[in-house]
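>>> The sequence and its predicted three-dimensional model are supplied below.
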Protein chains: 2
Amino acid sequence: MTYRQIIALDAMGGDFGPQVMIPAAANVLSKMESTRFLIYGDQKKIEPVLNEYPELIRHSEIHHTDIVISSHDKPSVALRNGKGSSMRLAIEAVKDGTANGIVSAGNTGALMAMSKLLLKCLPGITRPAIASVMPSEKGKTVVLDLGANLACDAEVLTQFAVLGAVYARVVRGVGTPTVGLLNVGTEEMKGHEELRAAARILSSVSFPGKYEGFIEGDDITKGTVDVVVTDGFTGNVALKTAEGVGKLSKHFLTDAFKSSPWAMLGYFLARGAINRMKDKVDPRKYNGGMFLGLNGVCVKSHGGSDVMGTENAILMAYDLVRNNFNQRVADEIEQLMSQESFVSAVGM
Amino acid sequence: MTYRQIIALDAMGGDFGPQVMIPAAANVLSKMESTRFLIYGDQKKIEPVLNEYPELIRHSEIHHTDIVISSHDKPSVALRNGKGSSMRLAIEAVKDGTANGIVSAGNTGALMAMSKLLLKCLPGITRPAIASVMPSEKGKTVVLDLGANLACDAEVLTQFAVLGAVYARVVRGVGTPTVGLLNVGTEEMKGHEELRAAARILSSVSFPGKYEGFIEGDDITKGTVDVVVTDGFTGNVALKTAEGVGKLSKHFLTDAFKSSPWAMLGYFLARGAINRMKDKVDPRKYNGGMFLGLNGVCVKSHGGSDVMGTENAILMAYDLVRNNFNQRVADEIEQLMSQESFVSAVGM
């Protein structure tokens, strides 16, 4: 049988390992036929779970290894001692072309360091970014970088804009995605020099998106733009702050509904609508940090994700592969670098 | 009559000018006796509003000026052309000791530039910070800097920790406030060099708070620490992202309750509890950016604030003055700078 997609799974990462990764893969398989999974990890732990999914058994193979990267290992330690680990073997499968993409719920720093080392960046990309999708009033917003690069110069921010715009266009189907640079104000003179320089470049080049200017933190959830570009430090703080406020709202709402018999009855009557609302912002539906800009598809699932969240992360990898994301990025970056305005702006 | 507090009000700032500032001052006066207001701005616009508050008339005086700083003026332009403006006159009242504090809903950049120029920093403080209070699962969290300084070195971050800790202690009544540095992870090696250096300093000096280490974005709303210290770029993005998520939650919740007759009835029954919840996170109760570290109390009210929000900002100024905040900071900073461990850490 010829498979359209082959996804390598690091089955040993995260809080639940194969207990979550295997059922998630089975769910993806039931929706997306013609997919094959290469499962890396401890056979003794994988098999008992896999045995419950006969269809997945037919479309997967286990590659046994005892070695696992711990969630506490520093990236440098993981690089040095991680040979033969489930994470590294899964990345190597992508590197040598055996698989089209890899999904792991393991140590983020180690996954990024290893995939950078093994897969390398796409031609013209200086640094990979971690991208994710966040809910907004208008639908969904792509945000990058979420933590791969603490500080970014103007050229790197410009590359992130291309990565985000290509993602919004080819995967999310937005014709001309709008792109904003996250800043502390919308006026031209605001922010760090790198941001202002990136703004000048994005205003002068042609790329697959439309540069809308600086945006502020609340524009992420307003849906002011399709793609929010920022450095990894700011993006990581913004993402986690947003998660925190989401949890706080849920906490206060739950308290409110428990506070009196009338409120409880009110919840009972409105529970259908409230559950639909919760569903809209369910963090599991947004699980998955895509490592964009690498020469191979790599998606990080949250370490605490359940089956539904992990399924979403695998589907992210699936979508990137299916839409030939990396080739599209390579084409657009080549196109960008050939522009006189880009060359002169970056050389300044 | 001897007043315990004299507050200067820039009545011309924000979207509503005297329409909001005057009723807010009247409300504060009804709660906090022995307060006098010096009202700066256009007499023709102030008087009609003031005439509705006889008690406030008895405890205030209007200082007329036609000159107003526009919300669009760059700080440099405001400094050059703002002589005699309502904002500048109000700050000058604090500078010359006529008033104890100033509240403005005007142009933030201009207010910061003018108050830095006129009031100067407290001895030992290199840069003032904008501080505010955010709701958390455990109560309230003080966060600074929210935008005064885009980049901050370790010494400045340490000073912010002192400012925040003194505020939490003397104004909010927290015995030994816990302090965290906002970062992208809690491990020692995470983040920018300035953050790691600030962490080393805070771990080795004695100051009015207890340093708890690095924290992440979601710790703000978890209430992990009493005081969150960060640079103004990150703090501004975090604050606005949090505001955006709060609005999104409200938006989705309103939609949910409107989505069916059962949900509407549910809302009707639970509305008391839901309103109490909304009240807890009402942005107006958190309005007010305190400019901490200046030799004089200065509070910025949000330009779009209504009477209740503006009242909160005036009360913030009131609390800072009443608790002798600046003198306490000056004492603590002097104490900090006399410590061998601080001197050697900063000198590194």
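That came through, no problem. Numbers count the residues shown, from 1 in each chain, chains lettered A, B, ... in the order given.
>>> how about residue A:122, what does it touch?
Shown in contact with residue A:122 (C-beta atoms under 8 Å, 6 or more residues apart in numbering or on different chains): A:293, A:294, A:295, A:326, A:329, A:330, A:333. In short, each C-beta sits where N, CA and C put it, glycine included.
>>> Downstream of the biggest helix by length in chain A, the next helix or strand is which one?
Assignment by DSSP state H gives helix A:232-258 as the longest helix of chain A. As assigned by DSSP states H and E, the chain's next helix or strand after helix A:232-258 is helix A:261-281.
>>> pLDDT averaged over stretch A:296-307 - what is it?
Averaging pLDDT along stretch A:296-307 gives 96.
>>> I meant stretch A:107-120, not that one.
Averaged across stretch A:107-120, the pLDDT comes to 95.
>>> quick one: contacts of it?
A:13, A:69-76, A:78-79, A:82, A:87-88, A:91-92, A:94-95, A:102, A:104, A:128, A:130, A:147-148, A:289, A:291, A:294-296, A:298, A:300.
>>> and chain B, which of these contact it?
Near chain B, judged by C-beta under 8 Å from any C-beta of the partner chain, the entries from these are A:74, A:147.
>>> Run a quick neighbour tally on residue A:72.
8 (other C-beta atoms under 10 Å in any protein chain shown).
>>> On the pLDDT front, check it for me.
88.
>>> for residue A:347, same thing?
At residue A:347, pLDDT is 66.
>>> buried sites along the least confident helix or strand in chain A by mean pLDDT?
Ranking every helix and strand in chain A by mean pLDDT, DSSP states H and E puts helix A:340-347 at the bottom, with a mean of 81. Judged by neighbour count using 16 or more other C-beta atoms under 10 Å in any protein chain shown, the buried positions of helix A:340-347 are A:342, A:345, A:346.
>>> So the second one is in contact with residue A:201, correct?
Yes: the pair formed by residue A:345 and residue A:201 meets the contact definition of C-beta atoms under 8 Å, at 4.4 Å.
>>> so what sits against both of these two?
In contact with both residue A:345 and residue A:201: residue A:154, using C-beta under 8 Å, 6+ apart.
>>> so which strand or helix has residue A:134?
Counting by DSSP H and E, residue A:134 is found in strand A:129-136.
>>> Check the offset of that strand from the chain's centre.
Taking C-alpha atoms, centre = their mean, to the nearest Å, one finds strand A:129-136 lying 7 Å from the centre of the chain it belongs to.
>>> packing partners for it?
strand A:139-144, helix A:154-166, helix A:219-222, helix A:232-258, strand A:289-292 (3 or more C-beta pairs under 8 Å, 6 or more residues apart in numbering or on different chains; DSSP states H and E).
>>> want to throw the ones you listed into JSON lines with mean neighbour count and mean pLDDT?
Output for these, formatted as JSON lines (neighbours: other C-beta atoms under 10 Å in any protein chain shown; pLDDT from 0 to 100):
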{"stretch": "strand A:139-144", "mean neighbour count": "22", "mean pLDDT": "96"}
{"stretch": "helix A:154-166", "mean neighbour count": "26", "mean pLDDT": "96"}
{"stretch": "helix A:219-222", "mean neighbour count": "24", "mean pLDDT": "96"}
{"stretch": "helix A:232-258", "mean neighbour count": "22", "mean pLDDT": "92"}
{"stretch": "strand A:289-292", "mean neighbour count": "27", "mean pLDDT": "97"}
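>>> Please dump those into TSV; it should also carry distance to residue A:46 for every row.
Below are the helices and strands packed on strand A:129-136 laid out as TSV (distance: least, C-beta to C-beta, whole Å):
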stretch	distance to residue A:46
strand A:139-144	32
helix A:154-166	33
helix A:219-222	38
helix A:232-258	30
strand A:289-292	24
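>>> Ok, which of these comes nearest residue B:159?
Distance to residue B:159, taken as C-beta to C-beta, is lowest for helix A:232-258 among these, at 20.8 Å.
>>> Tell me which residues touch residue A:315, please.
A:28, A:32, A:288.
>>> burial of residue A:334, as a residue count?
Residues within reach of residue A:334, counting by other C-beta under 10 Å, total 12.
>>> element containing it?
Assigned by DSSP H and E, residue A:334 falls within helix A:325-337.
>>> And residue A:180, by the same measure?
Going by DSSP H and E, residue A:180 is part of strand A:178-182.
>>> Just the CA atoms of the least confident helix or strand of chain A, as PDB, please.
What follows is helix A:340-347, C-alpha atoms only, in PDB (Å, rounded to 0.1, in the frame of the first residue of the first chain):
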ATOM      1  CA  GLU A 340      16.100  44.500  -4.400                       C
ATOM      2  CA  SER A 341      14.200  46.200  -1.600                       C
ATOM      3  CA  PHE A 342      14.700  43.300   0.800                       C
ATOM      4  CA  VAL A 343      18.500  43.000   0.000                       C
ATOM      5  CA  SER A 344      19.000  46.800   0.500                       C
ATOM      6  CA  ALA A 345      16.800  47.000   3.700                       C
ATOM      7  CA  VAL A 346      18.500  44.000   5.300                       C
ATOM      8  CA  GLY A 347      22.000  45.300   4.300                       C
END
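>>> Provide the contact partners of it at residue level.
Applying C-beta under 8 Å, 6+ apart, the contact partners of helix A:340-347 are A:154, A:155, A:158, A:197, A:200, A:201, A:204, A:205, A:336, A:337.
>>> count of neighbours near the last one?
If you count neighbours by other C-beta under 10 Å, residue A:337 ends up with 14.
>>> Please tell me the pLDDT value assigned to the residue nearest to it when sequence neighbours are not counted.
The shortest distance from residue A:337 to any non-neighbouring residue, by C-beta to C-beta, 6 or more residues apart in numbering or on different chains, is to residue A:124 (5.4 Å). pLDDT for residue A:124: 91.
>>> Would you quantify the distance from residue A:124 to residue A:95?
19 Å (C-beta to C-beta, to the nearest Å).
>>> picking that back up, among the contacts of residue A:122, name the buried ones.
Here, 16+ other C-beta under 10 Å leaves A:293, A:294, A:295, A:326, A:329, A:330, A:333 buried among the contacts of residue A:122.
>>> for the fifth one, what are its contacts?
When contacts are counted by C-beta under 8 Å, 6+ apart, residue A:329 is found next to A:122, A:125, A:162, A:163, A:166, A:292, A:293.
>>> let's go with 6 Å and repeat that
Contacts for residue A:329 were tallied using C-beta atoms under 6 Å, 6 or more residues apart in numbering or on different chains; they are A:122, A:166.
>>> Would you mind measuring from it to chain B?
25 Å (C-beta to the nearest C-beta, to the nearest Å).
>>> count of residues packed around residue A:193?
Neighbours of residue A:193 (other C-beta under 10 Å): 10.
>>> For chain A, which residues are neighbours of chain B?
A:137, A:147, A:184, A:216-218, A:220-221, A:233-234, A:236-238, A:240-246, A:248-249, A:251-252, A:256, A:259-260, A:262-263, A:265-266, A:269-270, A:273-274, A:277, A:280 (C-beta under 6 Å from any C-beta of the partner chain).
>>> Take the contacts of stretch A:107-120 and keep only those in helices.
A:75, A:76, A:78, A:79, A:87, A:88, A:91, A:92, A:94, A:95.
>>> Those: which two are farthest apart?
Longest span within the ones in helices among the contacts of stretch A:107-120, C-beta to C-beta: A:76 and A:94, 21.8 Å.
>>> Which one of those two is surrounded by more residues?
residue A:94 (26 against 12).
>>> distance of the residue lying closest to the more buried one once chain neighbours are set aside from chain B?
Spatial nearest neighbour of residue A:94, excluding adjacent residues (C-beta to C-beta, 6+ apart): residue A:296 at 4.1 Å. Counting by C-beta to the nearest C-beta, the separation of residue A:296 from chain B is 25 Å.
>>> can I get the contacts of residue A:315 in CSV with neighbour count?
What follows is the contacts of residue A:315, written out as CSV (neighbours: other C-beta atoms under 10 Å in any protein chain shown):
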residue, neighbour count
A:28, 23
A:32, 16
A:288, 25
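>>> and these as a markdown table, adding pLDDT?
Below are these laid out as a markdown table (pLDDT from 0 to 100):
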| residue | pLDDT |
| --- | --- |
| A:28 | 96 |
| A:32 | 89 |
| A:288 | 94 |
